[in-house]
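Novice: coordinates only, no sequence provided:
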């Protein structure tokens with residue numbers, strides 16, 4: 001089991017994400033308007049979040065990931081898409097991220113931009129900052 005754990009750890013890539021400033025967030029959401037149904041209303045698939053869920057989450061991950069730095073080929077490898085081979089031929093690439101991995105990244109990116117930030121309480125840090133700027 002320990003060998004397997006070490007093998008898995010060696011193949012794990014951490015991702016660092018960053019939230020968007022408010023003006024960029026608003027513009028970004030506007031770039032993914034919800035789809036319309038046959039009557040001109042918001043499609044049920046997009047009603048809860050208010051964006052085109054087909055395009056939004058993939059774009060949100062790409063916009064939020066700051067490390068590792070990924071090029072178009074890397075993104076295609078992770079999320080699926082198209083790449084050019086050496087002869088310029090377009091090849092379809094199947095996504096390598098599992099549904100769970102994709103959802104975890106999308107949830108982290110959504111949380112950075114839309115949820116409260118919960119800073120863990122640290123008694124030591126509290127003692128160090130006590131009195132600074134409050135007097």
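Specialist: Now that the structure is in, tell me what you want to look at. Worth saying up front: this structure is predicted, and the values here are computed from it rather than measured. Numbers count the residues shown, from 1 in each chain.
Novice: show me where this protein has its strands.
Specialist: 16-17, 65-67, 81-84, 90-93 (DSSP state E).
Novice: nearest to residue 114, out of those?
Specialist: Taking CB to CB, strand 16-17 is the member of the strands of the chain nearest to residue 114, at 12.9 Å. Quick note: C-beta positions are derived from backbone N, CA and C, even for glycine.
Novice: which of the strands of the chain comes out lowest on mean pLDDT?
Specialist: Comparing mean pLDDT across these, the weakest is strand 81-84, with a mean of 85.
Novice: so what strands line up beside that one?
Specialist: Strand 81-84 sits in its sheet next to strand 90-93 (antiparallel), going by DSSP bridges.
Novice: contact partners of the partner strand?
Specialist: 76, 77, 80, 81, 82, 83, 84, 85 (CB atoms under 8 Å, 6 or more residues apart in numbering).
Novice: for these, which one is nearest residue 12?
Specialist: residue 77 (15.9 Å).
Novice: what about that closest one, neighbour count?
Specialist: Burial measure for residue 77: 17 neighbouring residues, criterion other CB atoms under 10 Å.
Novice: the one 5 residues further on now?
Specialist: Other residues within reach of residue 82, judged by other CB under 10 Å, total 11.
Novice: and the gap between it and residue 32?
Specialist: 20 Å (CB to CB, to the nearest Å).
Novice: ok, now residue 54?
Specialist: Residue 54 is 9 Å from residue 32, by CB to CB.
Novice: how about residue 78?
Specialist: 19 Å.
Novice: next: residue 113.
Specialist: Residue 113 is 13 Å from residue 32, by CB to CB.
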